[in-house]
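Asks: my questions are about this predicted structure, shown below with the sequence.
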Amino acid sequence: MAFPPGPGGPPLVATMHWLRRPFEFLEDCQEKYGDAFTFRLPQLPPLVVFSDPEVVKTVFADSGDLMHAGAFNRSLSAFLGDKSVLMVDGKAHMRKRKLLMPPFHGERMLAYGDLMMELADQYIDGLPEGEPFSLHDRMNGIALDVIIRSVFGLEPGDRERQMKAAISELLDLMTWPPLLVPFMRVDLGPLSPWGRAKRLMKRSDDGLYEEIRARRAAGPSKREDILSLLLEARDEDGAAMSDAELRDELVTLLVAGHETTATALTWAMRWILATPGVEDKLRAELDGAGDLTPQRVQGLPYLDATAREALRLNPIIPIVGRILKQDMKVGGWDLRAGTGIVCSIYLAHRRAEAYEDPTRFWPDRFLLKKPTPSEFFPFGGGIRRCIGMAFALFEMKMVLAQLFRRTRMNLEPKAPIKPVRRSITLMPSEGLRVKLVSRVPAKSRAA
């Protein structure tokens, strides 16, 4: 058995390139070594990268018997916990998915829409006038408030502020890229990055367990926040999730539903503001929609295409992967058990045979032709596709609609915009500096 070619040298060198400039690293490897290539990171198995839709289709078709995603995601368990849906495989994974799905069904999604639009309005009202600011910081704030309110159903007040402060501190520290590498997680005391992270995790865990215990003690309720729905969920044997399971799933939702959505919104704004004609078409569609309700915004085709095109060019994460559980042939290569199989979202989304003029931001492509699930997969695919996919797309559209209905902004032209790693995501450099040109008052949605 032989691996596809790839960069040689110590794994630490590849790690530095992967952490500092992952998009360029993937493109350079593909150009030098071809459609399949191998790279190595410390304390991990060899990682074989593919972007061919046929290979991606094969990987996503696996039922979890031959390839394990939980094993591939193991480096995140230090943050998310061993019981997170991202960490488990097989029957345990299918059980978790069924328990987690109810809060993300269609009707419940619309119930979150008013909250998303209301919070977007609050942040729009607070945007500074006449001076450049980091758009990512504002999108981060909206996304954090949305996920805190959606998950816990907490109204503004002391409890909500305490929960948000603890979780926000932890999420900020988790965005330090070196902590993604296991050997960097050494507790050298409270001032060291990992030592501080462990203490912040303890603080946020205390708050989460306190909230879980309080909800259990209160008994069944008619609340429809995500935590309440998860407390009521039962598997096929009638068993509920344990406190530890709930903790891990809540942290996973908070991480996956916060930083990722904020970054996706920021990239969408970057492309819309920088691409002639797109902003005008978007505004025309919004103006023609009348009063914006979640249902109306959800049904706007050009807005939907714009959000998807942003996710195509700058996917929230650049790769998804599996670990082979037995020797098998993948993409024409005979690979041994334990090998990491990587589907590069970034490279797949820029393949010329799938997308005309692939580096161009052109939302209309999604109106003319629907890509296959192995050509467009910003949220992964198969049985491991992100449970919150619909929630994230829905939130993107609610926030973008409010931004373009109420404001006009310009990009600050001083510096080129480059991807910068922020934990597992890649945001625009300097958080995307923009300047507010104009703003109109929010319309009441009380009716």
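Replies: Happy to help now that I have it.
Asks: ok, Gly207 touching Lys164?
Replies: No. Using CB atoms under 8 Å, Gly207 makes no contact with Lys164, being 9.9 Å away. In short, each C-beta sits where N, CA and C put it, glycine included.
Asks: thinking Met407 is in contact with Pro441, fair?
Replies: Rather than Met, residue 407 is Thr. No. When contacts are counted by CB under 8 Å, Thr407 is not listed as touching Pro441 (11.2 Å).
Asks: hang on, the earlier thing: and Gly207 and Lys164? which has more neighbours close in?
Replies: Between Gly207 and Lys164, counting by other CB atoms under 10 Å, Lys164 is the more crowded of the two (20 against 17).
Asks: does the residue nearest to the more buried one when sequence neighbours are not counted belong to a helix, a strand or coil?
Replies: Counting by CB to CB, 6 or more residues apart in numbering, Lys164 lies nearest to Ile148, which is 5.3 Å off, once chain neighbours are set aside. State at Ile148, reduced to three classes by DSSP: H, G, I helix; E, B strand; the rest coil: helix.
Asks: hmm, back to that, which of Thr407 and Pro441 has more neighbours?
Replies: Thr407 (15 against 9).
Asks: distance of that one from Pro358?
Replies: 30 Å (CB to CB, to the nearest Å).
Asks: tell me the SS of the nearest residue to Leu300 once chain neighbours are set aside?
Replies: Using CB to CB, 6+ apart and skipping the chain neighbours, the partner closest in space to Leu300 is Glu285 (5.5 Å). Classification of Glu285 using three-state DSSP returns helix.
Asks: okay, Ala289 and Val297: tell me how far apart.
Replies: For Ala289, the distance to Val297 equals 7 Å [CB to CB].
Asks: show me which of these two is the more surrounded one.
Replies: Val297 (23 against 16).
Asks: isn't the more buried one right up against Ala401?
Replies: Yes. The criterion here is CB under 8 Å, and Val297 meets it with Ala401 at 4.6 Å.
Asks: where do the contact lists of these two overlap?
Replies: The overlap between the contact sets of Val297 and Ala401 (CB atoms under 8 Å, 6 or more residues apart in numbering) consists of 117, 303.
Asks: residues contacting the residue nearest to Arg384 when sequence neighbours are not counted?
Replies: Spatial nearest neighbour of Arg384, excluding adjacent residues (CB to CB, 6+ apart): Ala69 at 4.5 Å. By CB under 8 Å, 6+ apart, Ala69 lies in contact with 86, 89, 93, 320-323, 384.
Asks: now those as a markdown table including pLDDT and neighbour count?
Replies: Formatted as a markdown table, those follow (pLDDT from 0 to 100; neighbours: other CB atoms under 10 Å):
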| residue | pLDDT | neighbour count |
| --- | --- | --- |
| Leu86 | 95 | 23 |
| Asp89 | 95 | 21 |
| His93 | 95 | 19 |
| Val320 | 96 | 26 |
| Gly321 | 96 | 21 |
| Arg322 | 97 | 26 |
| Ile323 | 97 | 21 |
| Arg384 | 96 | 26 |
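Asks: among the residues you listed, name the ones in helices.
Replies: Using DSSP state H, the subset of these located in helices is His93.
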